[in-house]
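[1] what follows is a predicted structure for the sequence shown.
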Protein chains: 2
Amino acid sequence: MKVRILVSFKNSVLDPQGQTVKNALLTLGYGFVKDVRQGKVFELDLEGIDEAEARRLIPEIADKVLANPIIEKFSWDIMP
Amino acid sequence: MKVRILVSFKNSVLDPQGQTVKNALLTLGYGFVKDVRQGKVFELDLEGIDEAEARRLIPEIADKVLANPIIEKFSWDIMP
């Protein structure tokens, strides 16, 4: 089973990497880009657990290991 | 219009960050994690272009700016 977890800064947290990318895109002429937020993606390959267990454990993993819950939020889904 | 672009290493490229996360998860008892790949996610907020233009320009942006096509691949979609 493959799971994709997206981790990004909370909206209230400044994202200097995203700002840098946005400025680069504006300089290159992509003026239609109004905002950029950058985050991390984790693709996990799971074996030996069923979907119910995965649905319980993935948020635990994301909260404890992959994201810093003080400044980051995460979302996840099971990949088809 | 919001667009999400995922950038990750090609499968043939070693991913030391992902390996480190995997080892951390195994140490913490999540033995069902068989593999971890880590990548980047960019969420772009676009203004003043229609969907057809976005579908033409987003791959160009990803290829030229966000990903290194030598070692990275990308996928993207328009967010609902």
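    Cool, the structure landed.

[2] chain B contacts on chain A?
    A:6, A:8, A:18, A:21, A:24-25, A:28, A:30-49, A:53, A:57, A:61, A:64-66 (C-beta under 8 Å from any C-beta of the partner chain). For the C-beta atoms, the positions are set from N, CA and C on the backbone; glycine is no exception.

[3] can you say which of those residues are buried?
    A:6, A:8, A:18, A:21, A:24-25, A:30, A:32-33, A:36-44, A:46, A:49, A:57, A:61, A:66 (16 or more other C-beta atoms under 10 Å in any protein chain shown).

[4] contacts only, for A:Pro59.
    Shown in contact with A:Pro59 (C-beta atoms under 8 Å, 6 or more residues apart in numbering or on different chains): A:74, A:76.

[5] from the chain's centre, how far out does whichever strand or helix holds it sit?
    In this assignment (DSSP states H and E), A:Pro59 forms part of helix A:51-61. With C-alpha atoms, centre = their mean, to the nearest Å as the basis, helix A:51-61 stands 17 Å off its chain's centre.

[6] let me see the mean pLDDT of the longest strand seen in chain A.
    Secondary structure of chain A read by DSSP state E shows that its longest strand is strand A:33-46. For strand A:33-46, the mean per-residue pLDDT is 97.

[7] cool, stretch A:3-19 as well?
    Here stretch A:3-19 scores 96 as its mean pLDDT.

[8] identify each buried residue in it, please.
    Of the residues in stretch A:3-19, A:3-9, A:15, A:18 count as buried by neighbour count, 16+ other C-beta under 10 Å.

[9] now, which of those sits nearest chain B?
    Chain B has its nearest neighbour among those in A:Leu6, at 5.4 Å by C-beta to the nearest C-beta.

[10] and whichever strand or helix holds A:Gly18, how far from the chain's centre?
    A:Gly18 belongs to helix A:16-27 when assigned by DSSP H and E. Offset of helix A:16-27 from its chain centre (C-alpha atoms, centre = their mean): 18 Å.
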